[in-house]
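Colleague: model the structure of this input:
(one chain, ligands or ions: 2)
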Amino acid sequence: MNILLVGSGGREHALAWKIAQSPHVRRLVIAPGNTGMEKLGELRPDLKATDADKLAALAREMRADLVVVGPETALEAGLADRLAASGIPCFGPSKKAAQLETSKAFSKAFMERHEIPTAGYGVYERLHEARQALQVFKPPYVIKADGLAAGKGVAIAPTKREAEGEIERMLGGRFGTAGARVVIEEFMAGEEGSLFAVCDGQRAVLLGGAQDHKRAYDGDLGPNTGGMGSYSPAPVFTPELVEAAERLVVQPTIAGMAREGMPYRGVLYAGLMATEDGPKVVEFNARFGDPECQVLMMRLGGDIVPMLLACARGDLTRAPMPEFRPETVICVVLAASGYPDSPLEGSIIRGAEQDFGPHVQVFHAGTRRDEEGHLVAAGGRVLNVCARGKDIAQARERAYAAIKKIDWPGGFHRTDIGWRALEREADEG
Ligand code: AMP
Ligand code: GLY
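Modeller: Numbers count the residues shown, from 1 in each chain. Ligands and ions are numbered 1, 2, ... in the order given. Predicted coordinates:
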């Protein structure tokens, strides 16, 4: 098979690594790809994930049997729709179906229509209406920009005054058109986790759960980021919680999208809060999480390609059920100094490309080579050090041991990835 993979982050490196292991693959093209993927496929650094027309043309030209889409920006640009027009199977939803992620107003209204548990909310375009609405919500106030804002469009404001400030900034254009509407939500207390399911438009099969760490610094402190680390399985997902989430969230979402004429094909990422009243949706994403994808790919046994293809073709019943290794995998993100606000570019990284043994994989997120061939930082999140183990303690030890062998004074990482899971493991003896 000829496969085109779209994207350039750690998520896509992990997908490329897993796809490249499939005996079905004859040719793998990755657009644009990154330095870490050089040996896994042909890279197309001249293309962007948002170049929907050019990517569709490339898929036709290379006679792709399957296109796998990593980032939501490609979905929003309509790549799946372009491919559908050419009859090329695409793992990733249409632009309309991707609204589950790309418009918070859409996804909240969808959940309301289908009685999917989530926080109560209102959507506002005018400042005075939003201000008035604050009277009926209780603190802390959850304020969200409607559209895609690279994970930065959510504010949790302890006071009404701060909430008003956030609303003013969003409606005032801080996120461009993504903030033309704001969503105000009820605050949900509980522990958060991400549940993943692969979907073929009619059916969904669970891929299991993961947790990530969104804050930049140890102790879950500091600014919000795209994610500084992750692990899977996540102990928050008890069998009861998974059962409830599948029944109350995943299945009704897939059925509802199909009924509304937007069959959902690809991976559904349900960001869930485990509340006292059961699972509630914090957000949907229309793609794998980054760095959650990295740990899922390392846990997934067997060949991923038949499953991706079956989703894209609309018949998951033809694919074998996914199997997961009975292990825990952890991912620690190495970020450039200054991330997330102003990451330092160009610092040299040594030792990242050595063989770390069978339990460790290093996925690249933002790297490039300088003229002398050194690996250098070229982004905020730069490397993902992933390790497997019999439990979280062992996986963590292996990941941090590998990090010690990487010489990169220009970067930093959190030293406490997986602390919540580790505490539970310790409690349970
Ligand atoms: P989102 O981009 O919608 O996932 O929001 C970013 C983060 O804000 C989430 O991961 C949660 O930690 C937090 N958050 C969002 N909505 C709520 C809510 N209604 N209640 C509590 N926390 C929330
Ligand atoms: N790690 C969170 C995300 O991918 O949205």
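
Colleague: okay, now the unreliable bits of the chain?
Modeller: Regions of the chain meeting the criterion pLDDT under 70 cover residues 149-152, 175-176, 178-179, 429.

Colleague: what about 80?
Modeller: Scanning the chain with the threshold set as pLDDT under 80 gives 146-153, 173-180, 425-426, 428-429.

Colleague: so which bits of it are right by ligand 1?
Modeller: Applying Cβ under 6 Å from any ligand atom, one finds that the chain approaches ligand 1 through Ala119, Val142, Lys144, Val154, Glu185, Glu186, Phe187, Met188, Glu192, Gly271, Val282, Glu283. In short, each C-beta sits where N, CA and C put it, glycine included.

Colleague: so which of those sit within strands?
Modeller: Judged by DSSP state E, the subset of those located in strands is Val142, Lys144, Val154, Glu185, Glu192, Gly271, Val282, Glu283.

Colleague: for those, which single residue is the most surrounded?
Modeller: Neighbour counts for these, by other Cβ atoms under 10 Å, peak at Lys144, which reaches 25 neighbours.

Colleague: quick check: the nearest residue to that residue once chain neighbours are set aside vs Phe110, distance?
Modeller: Leaving aside its sequence neighbours, Lys144 sits nearest to Val183 (Cβ to Cβ, 6 or more residues apart in numbering; 4.4 Å). As defined by Cβ to Cβ, to the nearest Å, Val183 lies at a distance of 13 Å from Phe110.

Colleague: looking at the two, which is more packed in?
Modeller: Val183 (23 against 20).

Colleague: mind listing what the one residue sitting closest to the centre of the chain touches?
Modeller: By Cα atoms, centre = their mean, the chain has its centre lying nearest to Gly289, at 1.4 Å. When contacts are counted by Cβ atoms under 8 Å, 6 or more residues apart in numbering, Gly289 touches Arg11, Ser194, Phe196, Ala210, Asp212, Gly227, Ser230, Tyr269.

Colleague: and whichever strand or helix holds the first one, what other elements does it pack with?
Modeller: Going back to what we said before, that points to Arg11. Element membership of Arg11 [criterion: DSSP states H and E] is helix 10-20. On a contact count with 3 or more Cβ pairs under 8 Å, 6 or more residues apart in numbering; DSSP states H and E, helix 10-20 meets strand 2-7, strand 27-32, helix 292-299, strand 360-364, strand 381-389.

Colleague: who touches the shortest one?
Modeller: Counting by Cβ under 8 Å, 6+ apart, the neighbours of strand 360-364 from elsewhere in the structure are 10, 13-14, 17, 34-37, 294, 298, 331, 352-353, 356, 382-388, 398-399, 402, 406.

Colleague: cool, the first one as well?
Modeller: Counting by Cβ under 8 Å, 6+ apart, the neighbours of strand 2-7 from elsewhere in the structure are 12, 15-16, 19, 25-33, 41, 49, 55, 58-59, 62-71, 74, 79, 305.

Colleague: list the contacts for the residue of the stretch 1-150 of the chain found nearest ligand 2?
Modeller: As assessed by Cβ to the nearest ligand atom, ligand 2 sits closest to Arg11 within the stretch 1-150 of the chain, at 7.4 Å. Contacts for Arg11 (Cβ under 8 Å, 6+ apart) come out as Gly70, Pro71, Arg287, Phe288, Gly289, Asp290, Pro291, Cys293, Gln294.

Colleague: which one of those residues is nearest to ligand 1?
Modeller: Nearest to ligand 1 out of the contacts of Arg11 is Gly289 (Cβ to the nearest ligand atom; 10.4 Å).

Colleague: how about the closest one, phi and psi?
Modeller: phi -80, psi 160 (degrees, to the nearest 10).

Colleague: that one and Met321, how far apart?
Modeller: 21 Å.

Colleague: mind listing the strands for the stretch 251-400 of the chain?
Modeller: Under the criterion DSSP state E, counting those that start in this stretch, the stretch 251-400 of the chain contains strands at 265-275, 278-285, 328-336, 348-349, 360-364, 367-369, 375-377, 381-389.

Colleague: the third one near ligand 2 at all?
Modeller: No. Contact between strand 328-336 and ligand 2, assessed by Cβ under 6 Å from any ligand atom, is absent, since the two come no nearer than 9.7 Å.

Colleague: just the angle for that strand relative to strand 360-364, thanks.
Modeller: The directions of strand 328-336 and strand 360-364 differ by 40 degrees, with axes from the mean of the first three to the mean of the last three Cα atoms, to 10 degrees as the criterion.

Colleague: hmm, back to that, among the contacts of Gly289, which ones are in helices?
Modeller: Applying DSSP state H to the contacts of Gly289, the entries found in helices are Arg11.

Colleague: show the contacting residues for Ala109.
Modeller: Val123 are the contacts of Ala109 under Cβ under 8 Å, 6+ apart.
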